[in-house]
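Asker: After the sequence you'll find the predicted model.
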Amino acid sequence: MTIRSASPALAAALLFGASTPLAKLLVGDMSPLLLAGLLYLGSGLGLGLLVLVRRARNAEAANAMRIPARELPWLLGAILFGGVVGPALLMWGLVQTDGATASLLLNVEGVLTAVIAWLVFKENADRHIVLGMLAIVAGGVLLSWEPGGATLSPGALLIVGACLAWAIDNNLTRKVSTNDAMLVACLKGLIAGVCNTGLALALGATLPSLPAIGSSMLVGFLGYGLSLTLFVVGLRTLGTARTGAYFSVAPLFGVVISLALWPQAPSALFWSAAALMALGVWLHIRERHEHPHTHEPLEHAHQHRHDEHHRHQHEFAWDDAEPHVHPHRHEVLTHKHPHYPDIHHRHGHSR
């Protein structure tokens, strides 16, 4: 694996990690559930505008920006678990749980994402990937640890439930990651934003000032919308477990940005956490998975170049521009090369 392959997932983690300290600066006393709704709405509306611009600029590519009907249940399931169930469980859990415990428990998401990917969807994982995941999660635990501050409460189960919902969301989103990443992220943001905002208002939340709303939606566009778009690209190119592991580095980026906004000397726990997360990323990047494998027939649409997996003819006029987007079919192909569980290598393993 290369840094270039990992860069979308790491960039997604950076943007999402930055959203936490930025939101702290902007939102004041806003209801947590309303904040979640506005962040998602900002994500969906911002990406929606970009999608419309892209469709207007490239009419041919617009035809590929459609999610097949057979994949809609996966997308709706991802939105239900990740955009509605997850935030609701987290908000209810936070009411009954102290901040230190909540921060520690949120590290469970990466583990559950990987476990579901490995056990349910049979995604391949070798020793380097497992050890890298453990190092990143251990770093997350150290980063959020407050000695003497973490205690269990009934709300802890709700937070673990939120992590499970987001882990399911991550794995279901992988099933639609062959589609346009921005469109997938846009739909998730719009639907989740409407649901969360509506639920918050129904529970008695009041809208803040217009500047606060605008600032929250801008943070949502950057930290949720663009981040989720890059996360979907990561799912497409790396698979669920590896993308989830890289995304688990987000709290480290958040702390670094917080230190820049509120300067203070980093603690020994911070440096230990940073070292563990760096070790985990390094273990993932040095992975080399290679064996003879067979590609089954597959039809989908995504941005691609005419590499060894895309040697097809075009049924339309083409000006040799690459990368480009259009529906295309993969025929049966058997070969051997280094790979990981991207959208073209979701095959089983005999060992």
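Answerer: That came through fine.
Asker: What pLDDT is listed against residue 192?
Answerer: pLDDT, residue 192: 90.
Asker: And it, how far from residue 205?
Answerer: Between residue 192 and residue 205 the computed distance is 16 Å (Cβ to Cβ, to the nearest Å). Every residue, glycine included, has its C-beta placed from N, CA and C.
Asker: Show me which of those two is the more surrounded one.
Answerer: residue 192 (27 against 17; other Cβ atoms under 10 Å).
Asker: and the one helix or strand the more buried one maps to, what does it pack onto?
Answerer: Per DSSP states H and E, residue 192 falls inside helix 181-202. Packing partners of helix 181-202 (3 or more Cβ pairs under 8 Å, 6 or more residues apart in numbering; DSSP states H and E): helix 32-57, helix 72-79, helix 86-96, helix 227-238.
Asker: buried set for it?
Answerer: Across helix 181-202, burial judged by 16 or more other Cβ atoms under 10 Å covers 181-197, 199-200.
Asker: Please report how far the spatially most central residue of the chain lies from residue 308.
Answerer: Nearest to the mean C-alpha position of the chain, by Cα atoms, centre = their mean, lies residue 231 at 3.9 Å. Going from residue 231 to residue 308 by Cβ to Cβ gives 26 Å.
Asker: One more: residue 169?
Answerer: Taking Cβ to Cβ, one finds residue 169 at 32 Å from residue 308.
Asker: out of the two, which sits in the more crowded spot?
Answerer: Counted by other Cβ under 10 Å, residue 169 and residue 308 do not tie: residue 169 has more neighbours, with 24 against 9.
Asker: can I assume the more buried one is in contact with residue 84?
Answerer: No - the pair residue 169 / residue 84 is not scored as a contact, 9.8 Å apart, by Cβ atoms under 8 Å.
Asker: got the contact list for residue 83?
Answerer: Residue 83 makes contact with 40, 169, 188-189, 191-193, 195-196, according to Cβ atoms under 8 Å, 6 or more residues apart in numbering.
Asker: Next, format those as a markdown table and append distance to residue 70.
Answerer: Formatted as a markdown table, those follow (distance: Cβ to Cβ, whole Å):
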| residue | distance to residue 70 |
| --- | --- |
| 40 | 26 |
| 169 | 19 |
| 188 | 18 |
| 189 | 23 |
| 191 | 19 |
| 192 | 22 |
| 193 | 26 |
| 195 | 24 |
| 196 | 28 |
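Asker: Closest one to residue 56 out of those, please.
Answerer: residue 189 (20.2 Å; Cβ to Cβ).
Asker: and residue 66, that's in a strand?
Answerer: No - using DSSP: H, G, I helix; E, B strand; the rest coil, the secondary structure at residue 66 is coil, not a strand.
Asker: And the residue nearest to residue 32 when sequence neighbours are not counted, how far from residue 282?
Answerer: Residue nearest to residue 32 in three dimensions, not counting chain neighbours: residue 91, with 5.1 Å by Cβ to Cβ, 6 or more residues apart in numbering. According to Cβ to Cβ, residue 91 stands 36 Å off from residue 282.
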